[in-house]
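A.B. asks: this is a predicted model, with the sequence first.
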Amino acid sequence: MSATVTELRPGGSDRPVLHIRINGLRLDGRPVLGAMELRVKRGETVALVGPSGIGKTTLLRAVAGLQRGAEGHIDAPARTAMIFQEPTLLPWRTLTDNLRVTTGIDAGAADKLLAEIGLGGRGDAFPGQLSLGQQRRMALARAFATRPELLLMDEPFVSLDPGLVDEMMGLFLRLRAETQATTLFVTHVRDEAARLASRIVTLGGPPATVVDDAPNRAGPKGVGYC
């Protein structure tokens with residue numbers, strides 16, 4: 001029986017934005033996720049860390065409704081956005097259209113957002129004309145522009161040079177401060193978790209289970225955009 005992914009409706013301040021209660025998930029007969037329960041409260045930024053191949057991305061996809069087969073319940077808000085490892089911009093649409101078609105914002109708001117992420121005046125350009133770092137900025141800005149209740153990010157800074165990673169983390173922190181979007185993200189880099197997350201959840205296994213769940217005592221560091 002597949003997990004029931006249901007929409008969480010607004011409730012009290014203590015009600016989690018995301019509540020995962022599953023007994024496991026198998027892929028091709030192999031147990032990938034084990035039994036786990038995870039709650040993410042409104043306003044939290046939670047990092048998912050653990051060994052490569054442990055099932056972090058599978059869990060994220062299950063939350064997004066993109067991976068079936070989990071046994072149990074996943075309660076998530078209807079307004080959930082996901083940023084994948086590779087930017088999923090529409091290559092046949094301009095940057096302005098990429099922002100507007102998924103968010104419903106007007107052209108003026110799109111131009112303002114492009115300026116905020118360092119792409120001012122390039123609204124008529126196409127994604128293929130951008131560097132990978134610029135495409136990642138676009139994907140991040142587009143996701144936040146949808147005003148999601150829950151933002152899912154699967155290694156959004158992978159394959160970027162250290163300087164670009166620092167720039168992207170700064171942009172995330174700034175947009176996150178503006179929108180207060182609850183966020184669950186996957187990373188293999190402990191420094192990213194330490195800088196961005198208010199809480200760090202560690203998966204172990206296989207199959208993947210929660211082996212540690214602790215607040216980030218230092219808290220997210222910095223909100224500037226470099």
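C.D. replies: Yep, that arrived. Residues are numbered from 1 along each chain as shown.
A.B. asks: rest of the way, CA atoms for contacts and neighbours
C.D. replies: Fine.
A.B. asks: start to end distance for stretch 25-34?
C.D. replies: One end of stretch 25-34 to the other measures 7 Å (C-alpha to C-alpha, to the nearest Å).
A.B. asks: now do stretch 59-77
C.D. replies: With C-alpha to C-alpha as the measure, stretch 59-77 spans 16 Å from end to end.
A.B. asks: average pLDDT across it?
C.D. replies: The pLDDT scores in stretch 59-77 average 94.
A.B. asks: what lines up beside the longest strand along the chain in the sheet?
C.D. replies: Longest strand in the chain, counting residues (DSSP state E): strand 18-27. Sheet pairing here is set by DSSP bridges, and for strand 18-27 it gives strand 30-33 (antiparallel), strand 36-40 (antiparallel), strand 71-76 (antiparallel).
A.B. asks: show me the one of these that comes nearest R176.
C.D. replies: Across the strands paired with strand 18-27, R176 has its closest neighbour in strand 36-40 (15.6 Å, C-alpha to C-alpha).
A.B. asks: returning to that earlier point: what are the contacting residues of the longest strand of the chain?
C.D. replies: Strand 18-27 is contacted from outside by 3, 8, 31-41, 63, 69-77, 150, using C-alpha atoms under 8 Å, 6 or more residues apart in numbering.
A.B. asks: then stretch 109-117?
C.D. replies: Against stretch 109-117 from outside (C-alpha under 8 Å, 6+ apart): T96, L99, R100, G120, G121, R122, G123, R137, M138, A141, L171.
A.B. asks: compare the residues you listed and tell me which is most surrounded.
C.D. replies: For the contacts of stretch 109-117, the largest neighbour count, defined by other C-alpha atoms under 10 Å, is 29 neighbours, found at L99.
A.B. asks: tell me the pLDDT at that one?
C.D. replies: Predicted confidence (pLDDT) for L99: 94.
A.B. asks: pretty sure it contacts R93?
C.D. replies: No - assessed by C-alpha atoms under 8 Å, L99 is found out of contact with R93, at 9.6 Å.
A.B. asks: buried residues in stretch 17-27, which are they?
C.D. replies: By 16 or more other C-alpha atoms under 10 Å, the buried positions in stretch 17-27 come out as V17, L18, H19, I20, R21, I22, N23, G24, L25.
A.B. asks: same question for it, mean pLDDT?
C.D. replies: Here stretch 17-27 scores 96 as its mean pLDDT.
A.B. asks: cool, stretch 203-221 as well?
C.D. replies: The model assigns stretch 203-221 a mean pLDDT of 88.
A.B. asks: show me what counts as buried in that stretch.
C.D. replies: L203, G204, G205, P207, A208, T209, V210, N216, P220.
A.B. asks: do the same with stretch 125-133
C.D. replies: F126, P127, L132, G133.
A.B. asks: tabulate those (JSON lines), appending pLDDT and secondary structure.
C.D. replies: Listed next are the buried residues of stretch 125-133 as JSON lines, based on pLDDT from 0 to 100; DSSP: H, G, I helix; E, B strand; the rest coil:
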{"residue": "F126", "pLDDT": "97", "secondary structure": "coil"}
{"residue": "P127", "pLDDT": "96", "secondary structure": "helix"}
{"residue": "L132", "pLDDT": "91", "secondary structure": "helix"}
{"residue": "G133", "pLDDT": "90", "secondary structure": "helix"}
